[in-house]
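Q: Here is a sequence together with a model predicted from it:
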Amino acid sequence: MPKSRYDRLITVLWALPAAPERAKLRSLVAEFARQCDAPVFEPHLTLGRGGPEALARVLQQPFRLRVGGFDFTERFTKTLFLRLVMSPDLIALRTALGLPATDDYDPHLSLLYRELPTTSKADLARQAALPLETVLFDRLAAVSCPDPTSSRADVESWKILATHPLHPPPASELVSAP
């Protein structure tokens, strides 16, 4: 009996945007989905592979990443996205999660998953207004997804297994020195 493509599920770790960034990004994802007949999904920064147990190890506070602009590639999982700028906080988070420090990690926040001609992706990127200069991330999630994710059905099958809030520093650390 042939195996379903969903027999190959992996768990990945995401950082999730805080409100109000989350609302702006959800609206942008929904608008691109409507324009391009594509799936709607939760805006996220994929951190790497890992299980829900990794989330409990993280004691980090929320972090903010600078948006470097719109971009696109030929890969389905990077159809149209916001390029994010690497930061020491993101490196520390990936380290706390046990993810490798690697030069090929490309932080980005996807806005659209759909096979499209390059010219269409370029037009979408050129016509859209940059929604934010920075994105604040305040929660982590462990998500089950097919490997590889290469279709609308794959995106629509994603399941959040667990979430974990990132906590601000204790009040005692926020007091300024005299």
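A: In hand now; what should we look at?
Q: pLDDT of stretch 95-115, averaged?
A: Model confidence over stretch 95-115 averages 92 on the pLDDT scale.
Q: Equivalent analysis for stretch 139-152, please.
A: For stretch 139-152, the mean pLDDT works out to 97.
Q: Then stretch 164-176?
A: With pLDDT averaged residue by residue, stretch 164-176 scores 69.
Q: Next: stretch 49-58.
A: Stretch 49-58 shows an average pLDDT of 92 in the prediction.
Q: Quick check, central residue of the protein?
A: The centroid of the chain falls nearest to Leu45 when counting by Cα atoms, centre = their mean (1.9 Å).
Q: my guess is that one meets Ala18, correct?
A: No - the criterion here is Cβ atoms under 8 Å, and Leu45 misses it with Ala18 at 11.9 Å. For the C-beta atoms, the positions are set from N, CA and C on the backbone; glycine is no exception.
Q: tell me, what's touching the two both at once?
A: Both Leu45 and Ala18 are in contact with Phe137, where contact means Cβ atoms under 8 Å, 6 or more residues apart in numbering.
Q: biggest strand in the chain by residues?
A: strand 134-146 (DSSP state E).
Q: and the next element down the chain from that strand?
A: Along the chain past strand 134-146, the next helix or strand (assigned with DSSP states H and E) turns out to be helix 152-156.
Q: helices and strands around that next one, which ones?
A: Using 3 or more Cβ pairs under 8 Å, 6 or more residues apart in numbering; DSSP states H and E as the contact criterion, helix 152-156 has no neighbours among helices and strands.
Q: and it, which residues are buried?
A: 152, 154-155 (16 or more other Cβ atoms under 10 Å).
Q: Would you mind giving these as JSON lines with distance to Ile91 added?
A: Formatted as JSON lines, the entries for the buried residues of helix 152-156 read as follows, by distance: Cβ to Cβ, whole Å:
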{"residue": "Arg152", "distance to Ile91": "33"}
{"residue": "Asp154", "distance to Ile91": "29"}
{"residue": "Val155", "distance to Ile91": "28"}
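Q: Return the member of the residues you listed nearest to Thr73.
A: Looking at the buried residues of helix 152-156 and their distance to Thr73, the nearest is Val155, at 16.3 Å (Cβ to Cβ).
Q: my guess is Phe70 contacts Leu130, does it?
A: Yes - under the criterion of Cβ under 8 Å, Phe70 lies in contact with Leu130, with a separation of 7.0 Å.
Q: anything in contact with each of the two?
A: Common contact partners of Phe70 and Leu130 (Cβ under 8 Å, 6+ apart): Leu82.
Q: which one of these two has more residues nearby?
A: Between Phe70 and Leu130, counted using other Cβ atoms under 10 Å, the more crowded position is Phe70 (20 against 11).
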